[in-house]
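1. Generate coordinates for the sequence data below:
(one chain, ligands or ions: 2)
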Amino acid sequence: MRIACTPHCSHQRRLVAQRANQEGLGDPYFPQLGNGGYDALHYDLDLKVEPRQQHLEASATMKARALEPLAAFNLDFRNFDISKVVVNGEEAAFERKDGELTVTPLAPLPAGEEFQVTVDYAGNPKSYHSPHAPVPIGWNAIDDGSYVMSEPDGSSTWYPVNDHPRDKATYTFRVDVPNGYQAVCNGQLVETRPQGERTTYIWDAKDPMASYLSTVNIGKFAEHKDVGPNQVPIHNFYPERLAPLARIDFGRVPEMMQWLGERFGDYPFEAYGNVVVNASVGGAALETQTRPVYERGMVTGTRALEFVYAHELAHQWWGNSVSVADWKDIWLSEGFACYTENMWRHEHSGGIARLDKAMDRTYHSLPQRSAPVADPGQEDLFSGNVYQRGAVTLHALRKEIGDETFFRTLRTYAERFRGKNVTTDDFVATVNEVPGKDLTAFFDRWVRQPELPPFPQPA
Ligand code: TRP
Ligand code: ZN
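-> Ligands and ions are numbered 1, 2, ... in the order given. Model prediction:
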């Protein structure tokens with residue numbers, strides 16, 4: 001889904017400038033990621049899962065609009081045996097090479113028209129060791145279930161997809177599992193359909209979503225229902241054994257949503273809730289849209305890791321609703337989430353003086369020189385420097401323009417680019433609307449230059 005752009009938005013311009021092609025969207029770090037020529041609108045993912053055999057049998061349909069006449073088009077897809085590809089009701093030819101699935105319909109698809117492609121496939125899902133991610137990504141098998149964390153390029157391990165954040169879409173998941181298991185996905189559970197020995201869980205995600213944020217988690221969960229501000233439903237899912245501790249840990253999520261909402265504007269999606277999976281993967285947590293996923297080590301029963309829950313919640317505004325246009329802009333996601341995590345950890349409980357101290361400590365831990373935060377290189381996409389210098393940049397900005405203007409600017413930015421994509425230029429331009437301020441040079445020093453600037457004195 002590409003939403004009509006505001007006059008401020010640069011993504012249309014860039015789409016042309018960077019030459020999308022059949023195999024990629026022109027992302028400088030990921031030339032093969034995403035696919036040119038069409039705009040994905042909706043995915044219908046019908047998955048039949050055998051958790052004991054770790055087997056998946058699936059039928060995935062993408063509804064899309066052709067942006068140009070298409071004799072053939074690509075999807076990102078790895079692994080599995082494909083039994084059939086159908087375009088607009090007619091069987092289509094297909095070819096596979098290195099994570100690219102090329103589909104050739106019987107007749108070319110006319111520009112501007114909607115089409116639908118269904119891929120039937122089966123096999124044992126395999127996670128993917130992306131050089132860009134801190135842990136194996138995509139569909140991961142675990143004892144008695146599975147989980148999905150895909151940032152940045154793991155979604156093609158479980159469905160054929162236009163795998164780039166610039167092409168957001170809505171999703172429906174129909175996940176058929178043996179009785180006793182549940183499927184937990186993005187959005188809202190709209191139906192549970194029991195049939196004999198099995199049950200189908202149907203989830204609908206109505207808010208446009210970047211593909212790396214899609215998730216399906218299968219396991220035996222205890223559900224913990226809560227309610228957020230504006231009656232946003234919060235449904236959390238915990239492994240049964242951990243539920244008593246997790247209820248304590250996640251107990252302040254409604255308060256957290258309220259506190260962040262007051263600063264960033266209302267929570268941007270239809271629903272929320274955290275899912276803890278029965279896996280042990282080095283502290284992994286991912287901000288999957290409306291439903292962050294945590295490995296089980298993130299539950300302590302003491303709220304010691306509450307700042308991580310704040311981090312993943314912050315991503316719903318920063319990264320998920322307002323998404324990067326290119327992966328090099330990742331600081332607009334991680335720098336913002338890292339700053340918010342610090343706000344919750346220090347300012348919420350100890351006021352601005354404590355946050356000032358914490359950010360000062362972070363500042364003094366930063367290297368004097370680094371790859372530019374706004375273009376860190378693919379290897380350093382998730383480096384500590386992107387998170388921390390990004391966070392310190394925001395704190396420095398806050399000192400420069402004052403609290404009132406800082407949060408008003410963030411609310412304007414969240415609202416203007418809600419459901420869309422941004423570059424660093426878009427953020428800088430929004431900040432520069434503050435009367436009497438031109439912060440272009442400020443951002444140059446903080447996020448475009450290697451040298452660490454001096455920390456500004458409070459306004
Ligand atoms: N976005 C994650 C965070 O909250 C970091 C991350 C990137 C990640 N890729 C991942 C986590 C894959 C788990 C799996 O900071
Ligand atoms: Zn993050």
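
2. Lys126: how many residues sit nearby?
-> 17 (other Cβ atoms under 10 Å). No exception for glycine: its C-beta is placed from N, CA and C like everyone else's.

3. Check the one 4 residues further on too.
-> Residues lying near Ser130 (other Cβ under 10 Å) number 20.

4. do Gln449 as well
-> Number of residues near Gln449 (other Cβ under 10 Å) recorded here: 15.

5. confidence score at it?
-> The model reports Gln449 with a pLDDT of 98.

6. Is the residue of the stretch 301-450 of the chain at minimum distance from ligand 1 in a helix, a strand, or coil?
-> The nearest approach of the stretch 301-450 of the chain to ligand 1 comes at Phe382, 4.9 Å away (Cβ to the nearest ligand atom). Three-state assignment for Phe382 (DSSP: H, G, I helix; E, B strand; the rest coil): coil.

7. quick one, what contacts it?
-> Phe382 makes contacts with His132, Ala133, Pro134, Ile330, Glu334, as judged by Cβ atoms under 8 Å, 6 or more residues apart in numbering.

8. Go again with 6 Å.
-> Residues in contact with Phe382 (Cβ atoms under 6 Å, 6 or more residues apart in numbering) are Pro134.

9. how near is it to Thr412?
-> 28 Å (Cβ to Cβ, to the nearest Å).

10. Up against ligand 1, what does the stretch 51-200 of the chain have?
-> Ala133, Pro134, Val135, Ile137, Met149, Glu151 (Cβ under 6 Å from any ligand atom).

11. From Gly335, how far out is the closest residue to the second one other than its chain neighbours?
-> It stands for Pro134. Spatially, and ignoring its direct neighbours in sequence, Pro134 is nearest to Phe382 (5.7 Å; Cβ to Cβ, 6 or more residues apart in numbering). Per Cβ to Cβ, Phe382 is found 12 Å from Gly335.

12. Glu197 too?
-> Distance, Glu197 to Gly335, using Cβ to Cβ: 48 Å.

13. who has more neighbours, the two?
-> Per other Cβ under 10 Å, whichever of Glu197 and Gly335 has more neighbours is Gly335, with 27 against 8.

14. confidence score at the more buried one?
-> Value for Gly335, per-residue pLDDT: 98.

15. Is it located within a helix, as I assumed?
-> Yes - assigned with three-state DSSP, Gly335 falls within a helix.

16. ok, now which ones touch it?
-> Gly390, Ala391.

17. now with 10 Å?
-> For Gly335, the contact set (Cβ atoms under 10 Å, 6 or more residues apart in numbering) comprises 318-319, 329, 373-374, 385-394, 446-447.

18. Over to His164?
-> Neighbour list for His164: 20, 24-27, 30, 32-36, 40, 76, 152-153, 155, 210-212, 324-327, 421 [criterion: Cβ under 10 Å, 6+ apart].

19. for Val184, same thing?
-> Contacts of Val184 (Cβ under 10 Å, 6+ apart): 145, 147, 173, 175, 201, 203, 215-219, 221, 223, 235-237, 273, 275, 277, 288, 291, 293.

20. Name only those of the residues you listed that count as buried.
-> Among the contacts of Val184, those classed as buried by 16 or more other Cβ atoms under 10 Å are 145, 147, 173, 175, 201, 203, 215-219, 221, 235-237, 273, 275, 277, 288, 291, 293.

21. among those, which are in helices?
-> Assignment to helices by DSSP state H places none of those there.

22. packing partners for the strand or helix carrying Arg408?
-> In this assignment (DSSP states H and E), Arg408 forms part of helix 403-416. On a contact count with 3 or more Cβ pairs under 10 Å, 6 or more residues apart in numbering; DSSP states H and E, helix 403-416 meets helix 253-264, helix 306-317, helix 331-342, helix 384-401, helix 424-431.

23. Now it: average pLDDT?
-> Helix 403-416 carries an average pLDDT of 98.

24. Which single residue of this protein ends up nearest ligand 2?
-> Residue nearest to ligand 2 within the chain: Ala337 (4.2 Å; Cβ to the ion).

25. Below-threshold pLDDT in this protein: ranges please.
-> For the chain, the stretches with pLDDT under 70 are 1-20, 456-459.

26. can you tell me how far the residue most central in space within it sits from Glu255?
-> Of all residues in the chain, the one closest to the mean position by Cα atoms, centre = their mean is Leu213, 3.5 Å from it. Between Leu213 and Glu255 the computed distance is 24 Å (Cβ to Cβ).

27. who's in contact with Tyr212?
-> Taking Cβ under 10 Å, 6+ apart, one finds 33, 133, 137-138, 149-155, 161, 163-165, 286-289, 319-320, 323, 327 in contact with Tyr212.

28. actually Ala111, not the one I wrote
-> Gly37, Tyr38, Arg65, Ala66, Leu67, Glu68, Pro69, Leu70.
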